[in-house]
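**Q** Starting from these lines, generate the structure:
(2 chains)
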Amino acid sequence: MTQTRNLIDANGKRTDGRGIDELREVKITVGSVKNADGSAFIEFGKNKILAAVYGPREVHPKHMAQSDRCVLRCRYHMSPFSTDTRKNPAPSRREVEISKVMRESLEPALMLEDYPRAAIDVFVEVLQSDGGSRCAGIAAAAVALADAGINMRDLVAACAAGKVDEKIVLDINDTEDKEGGADMPVAYMPRLEQVTLLQLDGRLSPDQFNECIDKAIRGCKMVYEIQKQALMQKYFGSETELKEEVQ
Amino acid sequence: MKRRYVIPGDKIVEGNFRPLMNVIKAGNALIATRIGIAETGRDGVKVIPLSGVYIPRVNDLVIGKIVDHSSLSWEVDINSCFSAHLPAQDVFGRDFSPARDDMTKHFAVGDMITARIMAFDRTRDPMLTVQDRDLGKIARGEALKISATRVPRLIGKRGSMIQTIEQATQTRVLIGQNGIVVVTGRTPEGIKLAVRAIKMVEEEAHTANLTQRIKVLLNVPDTPPQQETSRAPVGGTPKSEEIESTMDEVEEELEVDEK
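**A** Numbers count the residues shown, from 1 in each chain, chains lettered A, B, ... in the order given. Next up is the predicted model:
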């Protein structure tokens, strides 16, 4: 898409006053849905997203069950009131796609073979949307899965990077997504150093691509620290530092 | 033994240790797969989980509800993603005949039972047995569900927590490792108070000084060493004794927050 206006001003600030390497404010609360086995609420800039995890539980319909592993089912959904014009609550083409990529980005982190013949359901509900809701959704879902006590190899952190005014910037917001040059959401497992989601919307030169993915991974690592803090806070309270004792 | 708080993906230690529970080995490092408390001991490394649903294990004592029966077995809801089966032969003996014996005489749909998990290997549904002392139908009581990861905390070190609750409220508390708890007592007030205390333990399981606060809730004077001695001979009905004593190994694992 051709850009119609400058999205980075003379001082190097973006439309919402951030620098090019700055993340929006991220806040995660763990355990916000009482009925779920695990849950998390994430505020990623203006995004407000609720993730709830149920399971491992019985699979219905039964024929979906796998005898050697657990089935992971994801549903990404945007509330009708999450956007400025009403969004039809029926699952759109975009939501079906995001549900799928979300499932595929979480699957490598989960030890699904530990729960054969069972299912894990992940519900991600966008209450208010700003750009980058799939990344925020993945980050919240990963925290909710950990909260649900499902065996995981690693957490999954997610963050986008993109191109705005021919500059590679971290964490694209809604305006930059719509008017900017490129948007690249990345999900990443920080300990395993593996990328589980890589999408790209727009055009980048090979150099720009490398810069963009590096930047996105750096963003993921920042998100990871926040995820970690949130989990530690919920389970160990103010003692977020590792308590070591010798008996 | 070294202990620390971990979340999934955290490296616990490096070196030649044996992964025991909720731990995977990646190269030379041992990685936690659950949120919990990691313990590094001589025999290996394990993580005591602080969240999660109940996954059956062989020899667990569970409390379940009969939901259905076929001509050969009962189906029991044991608060897990797998429903358990109690074979009729286990109750009637080897010469059980579906034509002769009336299964509903023993357990009807809706009955609560205590049972032991006889076999489970994740490829098939767990198999139960009631052929043991004090297993079988629960006659009366108030049933409630708590998270299975809180069971060791509810019992406390050598049964200290559950004893405090039982003694202060004049109740008997039966705890299944699947997180189902049945409270019986003489007075409804006592049962109500015990249920409140159990719920409090569940919610605040990971906080320090929990026993103190439970004692405040139950109006118990603070004299901890006294009850330890009174435990063994008096004890109360053997039914709850049985279940608690087999959980001794589990309960000691989670006594971390208690200084």
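
**Q** Low-confidence ranges, the stretch 101-250 of chain B, go.
**A** Within the stretch 101-250 of chain B, the stretches falling below the threshold (pLDDT under 70) are B:222-250.

**Q** what about 90?
**A** For the stretch 101-250 of chain B, residues meeting the criterion pLDDT under 90 lie at B:101-105, B:121-124, B:132-134, B:152-153, B:156-160, B:186, B:202-250.

**Q** got the residues of it near chain A?
**A** B:122-123, B:149, B:206-207 (CB under 8 Å from any CB of the partner chain). Using the backbone N, CA and C atoms, a C-beta is placed for each residue, glycine as well.

**Q** Out of these, give me the two with the largest separation.
**A** The distance between the two most remote of these (CB to CB) is 39.0 Å, for B:Thr123 and B:Thr207.

**Q** worst-scoring helix or strand of chain A, pLDDT-wise?
**A** Comparing helices and strands within chain A by mean pLDDT, DSSP states H and E singles out strand A:245-246 as the least confident, with a mean of 46.

**Q** Mind telling me which residue of chain B is nearest chain A?
**A** Shortest chain B-to-chain A distance, computed as CB to the nearest CB: residue-wise this is B:Gly52, at 2.3 Å.

**Q** how about the helices of the stretch 151-259 of chain B, start to end?
**A** B:151-155, B:160-169, B:188-203, B:210-218, B:224-234, B:238-246, B:248-253 (DSSP state H, counting those that start in this stretch).

**Q** contacting residues around A:Leu112?
**A** Listed by CB atoms under 8 Å, 6 or more residues apart in numbering or on different chains, the contact set of A:Leu112 reads A:69-72, A:120.

**Q** now these as CSV including distance to chain B, pLDDT and neighbour count?
**A** As requested, those are exported to CSV (distance: CB to the nearest CB, whole Å; pLDDT from 0 to 100; neighbours: other CB atoms under 10 Å in any protein chain shown):
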residue, distance to chain B, pLDDT, neighbour count
A:Arg69, 11, 93, 17
A:Cys70, 9, 95, 26
A:Val71, 11, 96, 19
A:Leu72, 14, 97, 21
A:Ile120, 9, 97, 25
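
**Q** Now render those residues as JSON lines, adding secondary structure.
**A** Rendered in JSON lines, the data for the contacts of A:Leu112 read as follows (DSSP: H, G, I helix; E, B strand; the rest coil):
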{"residue": "A:Arg69", "secondary structure": "coil"}
{"residue": "A:Cys70", "secondary structure": "coil"}
{"residue": "A:Val71", "secondary structure": "strand"}
{"residue": "A:Leu72", "secondary structure": "strand"}
{"residue": "A:Ile120", "secondary structure": "strand"}
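
**Q** Is it possible to get TSV of those that adds distance to A:Asp214?
**A** Output for the contacts of A:Leu112, formatted as TSV (distance: CB to CB, whole Å):
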residue	distance to A:Asp214
A:Arg69	33
A:Cys70	34
A:Val71	35
A:Leu72	29
A:Ile120	32
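
**Q** beta partners of B:Val182?
**A** When bridges are assigned using DSSP bridges, the partners listed for B:Val182 are B:Ala143, B:Leu174.

**Q** what's around it, how many residues?
**A** 21 (other CB atoms under 10 Å in any protein chain shown).

**Q** Verify the contact between it and B:Ile63 for me.
**A** Yes - checked against CB atoms under 8 Å, the pair B:Val182 and B:Ile63 is within contact range at 6.1 Å.

**Q** Tell me where chain A has strands.
**A** In chain A, the strands defined using DSSP state E lie at A:26-30, A:38-44, A:47-58, A:71-78, A:118-128, A:157-164, A:167-170, A:182-189, A:194-198, A:201-202, A:245-246.

**Q** Pick the most buried one from those strands.
**A** Of the strands of chain A, the one with the most neighbours on average (mean count of other CB atoms under 10 Å in any protein chain shown) is strand A:157-164, at a mean of 28.

**Q** Narrow the residues of the stretch 101-250 of chain B next to chain A to just the buried residues.
**A** Neighbour counting over these (16 or more other CB atoms under 10 Å in any protein chain shown) leaves B:122, B:149, B:206 as the buried ones.

**Q** In this structure the last one contacts A:Met232, no?
**A** No - using CB under 8 Å, B:His206 makes no contact with A:Met232, being 11.4 Å away.

**Q** Would you mind giving the domain segments of chain B?
**A** When chain B is parsed into structural domains using automatic domain parsing, the resulting residue ranges are B:2-49, B:61-137, B:142-253.
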